[in-house]
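>>> Quick one, structure for this:
(2 chains)
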Number of protein chains: 2
Amino acid sequence: MPKRTAVHARDIVEAQGLAQRRSLAKAITLLESTRTDHRAQADELLTALLPHSGKSLRLGISGVPGVGKSTFIEALGLYLIDKGHRVAVLAVDPSSSVSGGSILGDKTRMEQLSMHERAYIRPSPSSGTLGGVAEKTREAMLVCEAAGFDIVIVETVGVGQSETAVQGMSDMFVLMQLPNAGDDLQAIKKGVMELADLVVINKADIDAHAALRAEAQITSSLRLLGISGNPHDPHSDQYWHPQVLKISALQGQGLDAFWEAVTTFQRLQSANGLLASRRQHQALAWMWERIDAGLKQQFKNNPLVRGQLPAITAAVQSGQMAASTAARHLLAVLGSSAPAAPV
Amino acid sequence: MPKRTAVHARDIVEAQGLAQRRSLAKAITLLESTRTDHRAQADELLTALLPHSGKSLRLGISGVPGVGKSTFIEALGLYLIDKGHRVAVLAVDPSSSVSGGSILGDKTRMEQLSMHERAYIRPSPSSGTLGGVAEKTREAMLVCEAAGFDIVIVETVGVGQSETAVQGMSDMFVLMQLPNAGDDLQAIKKGVMELADLVVINKADIDAHAALRAEAQITSSLRLLGISGNPHDPHSDQYWHPQVLKISALQGQGLDAFWEAVTTFQRLQSANGLLASRRQHQALAWMWERIDAGLKQQFKNNPLVRGQLPAITAAVQSGQMAASTAARHLLAVLGSSAPAAPV
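Residues are numbered from 1 along each chain as shown, chains lettered A, B, ... in the order given. As a prediction, this is how the structure comes out:
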């Protein structure tokens, strides 16, 4: 098995054209598998790929349904291919397992881009929890990087905490907004405004006045929230400060300005070291997020805990047992099924 | 031990006056102790007290430093004592272990109230993490209820996620605001506006215009965020909808209106069952929060994990090992120290 996986990894990194695309899809399918034996292979594959990964710009893009994400990503993707880049588009959509289809499942949404040989589009994995979906997408990102894609776009529709997950795997996080009243408040409320490195107001061609108003509103919000930089800081020009841009994805307006902002971001944050430290921080946060989820799963799967959990939950709900007492009891139950000394 | 604790519990519930206050403080100190043998006693005490608890109104009050929380709580406490209530004031301040003092450590901040025999003021426990601090405060709340306090006020200054913790232990959550531009955005950004059952604008006497402007701004935000109720819902009057009130804690202005809002909240949410379901939900959420924290602690204390964690963390940080692979490996290490079959 290890031998086959190693060859597999080299295939992906070295092969070209369609063959590569096929082995890329195969590798991601292996990573998305929930079979235990596949998981071991997947970990070997990941470890083999890792030295070849990390060389792309990771761009997270979030926005509510109808904001025009697909239109924008298609236009941006073709624009970047034209500049000589290779573009992979991935998605994080924890609702896809419920709705039965991913936000990117229908490739006709990005018809031109999906047919291009220098592009690769992968719908969101549908493995249930946000943590699980995000993990698969993160791993798919590493595979795409090893396969030579130098721009990886991760899209999310913003279900639950999916923006936080996407921001946690991207170098730069872009929030797409509509020029509607209250849209910025919703983004502030969800804590997404604070995560954004760049806010893009789409559909600026439909109502120029509304777009201007939205731009002023969001700029003022960023200032009031203290996330648009300190003008009195003499080193301020060495750091990126979140900006607001108006575009029209449908008309292809604003792509140049958008890409200029992205490259400025990349240049500044590479020079000041924040890009590298952001990735280190993301990797550790990801590890701990997965550990927390795994611990909870081990807890819930423990036969002793499973036996006692229903009665204890009922006692807590009915007010017969304090919640902290219940937690301590269940943790002791779990602990009693482990020996004090290591095996 | 069990016998002594049982007597202790009866003491608290039945004793009167100063003796009671002394045993109350003693009980809370026992609950706050981190000694393992004390923890077992504390659990017995909690279980003994539980049937006598839960009969108070639990009022959470949050606001940034300088908003006037102490002044307001002292005025409110004296107002309620005057109406025949017994008032306990607790605090959640996870920074108290860092700063060496609690926001309520200095009782002179509420001089009159702290001296009143129908009031009990307890500073924030200082046990480090927010989860630990909140747990102690939750338990102290149960003790105060068993001791006959029918109003329990829990104050927080809003460090980290402490507002969420306080909202998670109160029947009604009050957010205190200053009439400053951007104050509402900060609260929306932190997700606190969304948690508030009542928003109180303090210091309305200093600048009446600013207070009016803040009131209009917050009312509009609540509407845009969709948390001020649906006017087209025919059953709308059976549910509480978050409101905005102007007060002056220093002048004692607005206490009547505040208390009327609180009693209306209590009447409506008791009748429609939301108060009871909120408490059930809180108890379960508290149990799971404590389980998660406990699992993480067990993980970090495991000798096999401790042995491998530094090298694996370094490998993840340097990009030699994928974060998900690292998490799976460490979870397997933990699992290998537990037998498959229960002991």
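
>>> Can you classify A:Leu142 by secondary structure?
helix (DSSP: H, G, I helix; E, B strand; the rest coil).

>>> now A:Ala91
A:Ala91 ends up strand, using three-state DSSP.

>>> Surely it is in contact with A:Lys136?
No - using C-beta atoms under 8 Å, A:Ala91 is not in contact with A:Lys136, being 10.4 Å away. The C-beta positions use only the backbone N, C-alpha and C, and glycine is treated the same way.

>>> Show me which of these two is the more surrounded one.
Using other C-beta atoms under 10 Å in any protein chain shown, the more surrounded residue of A:Ala91 and A:Lys136 is A:Ala91, with 27 against 23.

>>> Skip the chain neighbours and tell me the closest residue to the more buried one.
A:Ser124 (3.9 Å; C-beta to C-beta, 6 or more residues apart in numbering or on different chains).

>>> Is it correct that the one you found is in contact with A:Ala134?
No - A:Ser124 is beyond contact range of A:Ala134, at 9.7 Å (criterion: C-beta under 8 Å).

>>> List, one by one, the residues from the stretch 1-150 of chain A near chain B.
A:Arg39, A:Asp43, A:Leu46, A:Thr47, A:Leu50, A:Pro51, A:Ser53, A:Gly54, A:Glu135, A:Arg138, A:Glu139, A:Leu142 (C-beta under 8 Å from any C-beta of the partner chain).

>>> distance of the fourth one from B:Gly158?
Read that as A:Thr47. The gap separating A:Thr47 from B:Gly158 is 43 Å, by C-beta to C-beta, to the nearest Å.

>>> Tell me which of these two has more neighbours.
Taking other C-beta under 10 Å, A:Thr47 and B:Gly158 do not tie; B:Gly158 has more neighbours (23 against 17).

>>> Excluding chain neighbours, give the residue nearest to A:Trp288 in space.
B:Ala327 (7.8 Å).

>>> Let me know the pLDDT of that neighbour.
Predicted confidence (pLDDT) at B:Ala327: the value is 95.

>>> A:Glu155 - that's part of a helix, no?
No - under three-state DSSP, A:Glu155 falls outside any helix and is assigned strand.

>>> these two touch, right, it and A:Leu90?
Yes - between A:Glu155 and A:Leu90 there is a contact at 7.3 Å, judged by C-beta under 8 Å.

>>> what is in contact with these two at once?
Shared contacts of A:Glu155 and A:Leu90, defined by C-beta atoms under 8 Å, 6 or more residues apart in numbering or on different chains, are not found at any residue.

>>> three-state assignment of the residue nearest to A:Trp288?
B:Ala327 ends up helix, using three-state DSSP.

>>> now A:Glu135: how far from A:Phe149?
For A:Glu135, the distance to A:Phe149 - C-beta to C-beta - is 19 Å.

>>> okay, the two: which has more neighbours?
A:Glu135 (26 against 23).

>>> contacting residues for the more buried one?
Per C-beta under 8 Å, 6+ apart, neighbours of A:Glu135: A:Trp286, A:Arg290, B:Ser324.

>>> ok, and the closest non-adjacent residue to A:Lys69?
A:Lys69 sits nearest to A:Gly63 (C-beta to C-beta, 6+ apart), 5.2 Å away.

>>> name the element the spatially most central residue of chain A belongs to?
With distances taken as C-alpha atoms, centre = their mean, A:Val166 lies nearest the centre of chain A, 2.3 Å away. Using DSSP states H and E, A:Val166 sits in helix A:162-167.

>>> Next, the residues that contact that helix from outside, please.
A:60-62, A:92-94, A:130-131, A:133-134, A:154-156, A:173, A:175, A:190-192, A:195.

>>> quick one: the closest residue to A:Asp197 other than its chain neighbours from B:Arg122, how far?
In this structure, A:Asp197 finds its nearest non-sequential neighbour in A:Met172, 4.7 Å apart by C-beta to C-beta, 6+ apart. According to C-beta to C-beta, A:Met172 and B:Arg122 sit 47 Å apart.

>>> Run through the residues that contact the residue nearest to A:Lys69.
A:Lys69, A:Val157, A:Gly158, A:Leu175, A:Met176, A:Gln177, A:Asn202.

>>> if I pick the third one, what's in contact with it?
It stands for A:Gly158. Contacts of A:Gly158 (C-beta under 8 Å, 6+ apart): A:Ser62, A:Gly63, A:Val64, A:Lys190, A:Val192.

>>> Which secondary structure state does it sit in?
Applying three-state DSSP: A:Gly158 is coil.

>>> Next, find the distance separating it from chain B.
Here the criterion is C-beta to the nearest C-beta, to the nearest Å. By it, A:Gly158 lies 15 Å from chain B.

>>> what residues go with each domain of chain A?
Domain assignment for chain A by automatic domain parsing gives A:1-52, A:53-272, A:302-336.

>>> Please name whichever of these is nearest to B:Ile312.
In terms of C-beta to C-beta, the element of the domains of chain A nearest to B:Ile312 is domain A:1-52, at 12.5 Å.

>>> still on that earlier bit, show the buried residues in the contacts of A:Gly63.
Buried members of those, scored by 16 or more other C-beta atoms under 10 Å in any protein chain shown, are A:Lys69, A:Val157, A:Gly158, A:Leu175, A:Met176, A:Gln177, A:Asn202.

>>> Show me which helix or strand of chain A is least confident by mean pLDDT.
In chain A, the helix or strand scored least confidently by mean pLDDT, DSSP states H and E is helix A:2-14, which has a mean of 51.

>>> For whichever helix or strand comes after that helix, list every residue counted as buried.
Downstream of helix A:2-14, the next assigned helix or strand under DSSP H and E is helix A:17-32. Neighbour counts using 16+ other C-beta under 10 Å place A:Gln20, A:Arg21, A:Ser23, A:Leu24, A:Ala27, A:Ile28, A:Leu30, A:Leu31, A:Glu32 of helix A:17-32 among the buried residues.

>>> by contact count, what packs against helix A:17-32?
helix A:2-14, helix A:36-49, helix A:130-146 (3 or more C-beta pairs under 8 Å, 6 or more residues apart in numbering or on different chains; DSSP states H and E).

>>> Try it again at 10 Å.
helix A:2-14, helix A:36-49, strand A:119-121, helix A:130-146 (3 or more C-beta pairs under 10 Å, 6 or more residues apart in numbering or on different chains; DSSP states H and E).

>>> can I get the ones you listed in CSV with distance to A:Arg278?
As requested, the helices and strands packed on helix A:17-32 are exported to CSV (distance: least, C-beta to C-beta, whole Å):
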stretch, distance to A:Arg278
helix A:2-14, 25
helix A:36-49, 21
strand A:119-121, 24
helix A:130-146, 14
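
>>> Among these, show the one with the smallest mean pLDDT.
Of all the helices and strands packed on helix A:17-32, helix A:2-14 has the smallest average pLDDT, which comes to a mean of 51.

>>> ok, which stretches of the stretch 51-200 of chain A are helices?
A:69-82, A:96-99, A:111-115, A:130-146, A:162-167, A:183-189 (DSSP state H, counting those that start in this stretch).

>>> Rebuild those as CSV, extending it with distance to A:Arg213.
Shown next, in CSV, are the helices of the stretch 51-200 of chain A (distance: least, C-beta to C-beta, whole Å):
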stretch, distance to A:Arg213
helix A:69-82, 21
helix A:96-99, 34
helix A:111-115, 32
helix A:130-146, 33
helix A:162-167, 24
helix A:183-189, 10
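
>>> where does the stretch 51-200 of chain A have low pLDDT?
A:96-108, A:127 (pLDDT under 70).

>>> Find the closest residue to chain B in it.
Proximity of the stretch 51-200 of chain A to chain B (C-beta to the nearest C-beta) peaks at A:Gly182, 3.6 Å away.

>>> Fine by me, thanks again.
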